[in-house]
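In: Provided below for reference: sequence and predicted model.
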Amino acid sequence: MEAALLIFALMVLFAFLGLGVYVTTKVVKAAKRGVDRTITQARRTVEDTTLRAKSFGQVGVTGALAQLRLDLRTSMRATQEALYAGVRTDASLKESIGLFERLSEHGHELDAELKRLEQEPDRHRIAEGLPGLRERTAKITQAAESLRWAARDRARRFAADDLSVLSEQIEVESGALRDWSRESVDDLTAAAAEWDAAQTAGPAAGPAAGPAAGPAAGGEEARDAGRWGAEPQPALNRAAPAAPYPWQKTRRPESTT
């Protein structure tokens, strides 16, 4: 028995140790991904700022290359954010994301080529190849913008359709609420009228109900009760007179003098 308990305790201990190692590994990987993401974003921000400074502060081939890289990166990043944000609510954008990934390969290739040309000392040869580079950049950015605006138009259309349906439902519900409110007021008015009529007829009908409960009724109840071995119940008293209203004066007792 003690050996079984010892084995069970060791198994529990190893299970906790394994769970601790697994959780620690997950935490370390998540922290590493967070650090890598932060470093990537910081590097991207620095590089974009440098390209923006070059495009504004330098002229000639260097400024043209920096402007092409900046246009390419800005367009591709905006399209990526739009598609990946839209696919969360619209699964049909998965095919568009596949097309964008293929387009991204051409974009990364062009960006790497433009970055190499920034370090090229032969500015004359680079100037000759600028028209071709501009054409390639325009094709990629136009394709990215086409995907981006199509996804935005689709999301806007869905939002407009949903808003129209919601507006119609709200109008129907508002009409139903207005009809219900009128019926409830009518019902309350009718109930109040019935209650007033009952209160008015109550004092007049009260005394007339007394004679119905007479000695015959009391004797019959006594016989029925005795038949079953129970004590006879007293006959019901006559209906008491209606209580006077607060504004009615109390009748003075007659004088004995």
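Out: Looks like it arrived, so ask away. Numbers count the residues shown, from 1 in each chain.
In: average pLDDT for stretch 5-20?
Out: The average of the pLDDT scores along stretch 5-20 is 77.
In: buried stuff in it?
Out: With burial defined by 16 or more other CB atoms under 10 Å, not one residue of stretch 5-20 is counted as buried. Where you see a C-beta, it was placed from the backbone N, CA and C, and this is true even at glycine.
In: restrict it to CA atoms and write it as PDB.
Out: As requested, the backbone C-alpha atoms of stretch 5-20 are provided in PDB (Å, rounded to 0.1, in the frame of the first residue of the first chain):
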ATOM      1  CA  LEU A   5       1.000   5.700  -2.600                       C
ATOM      2  CA  LEU A   6       4.700   6.500  -3.200                       C
ATOM      3  CA  ILE A   7       4.400   5.700  -6.900                       C
ATOM      4  CA  PHE A   8       1.200   7.800  -7.200                       C
ATOM      5  CA  ALA A   9       2.900  10.700  -5.400                       C
ATOM      6  CA  LEU A  10       5.900  10.500  -7.800                       C
ATOM      7  CA  MET A  11       3.500  10.400 -10.800                       C
ATOM      8  CA  VAL A  12       1.700  13.500  -9.600                       C
ATOM      9  CA  LEU A  13       5.100  15.200  -9.000                       C
ATOM     10  CA  PHE A  14       6.300  14.400 -12.500                       C
ATOM     11  CA  ALA A  15       3.000  15.600 -13.900                       C
ATOM     12  CA  PHE A  16       3.300  18.900 -12.100                       C
ATOM     13  CA  LEU A  17       7.000  19.200 -13.200                       C
ATOM     14  CA  GLY A  18       6.000  18.500 -16.900                       C
ATOM     15  CA  LEU A  19       3.200  21.000 -16.700                       C
ATOM     16  CA  GLY A  20       5.500  23.600 -15.300                       C
END
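In: so which elements touch the strand or helix carrying T141?
Out: Counting by DSSP states H and E, the element that carries T141 is helix 123-205. Using 3 or more CB pairs under 8 Å, 6 or more residues apart in numbering; DSSP states H and E as the contact criterion, the elements in contact with helix 123-205 are helix 61-86, helix 94-118.
In: pLDDT below threshold where in the stretch 101-250 of the chain?
Out: Across the stretch 101-250 of the chain, the stretches falling below the confidence threshold (pLDDT under 70) are 180-188, 202-250.
In: who are the neighbours in contact with K94?
Out: Under the criterion of CB atoms under 8 Å, 6 or more residues apart in numbering, the contact partners of K94 comprise V87.
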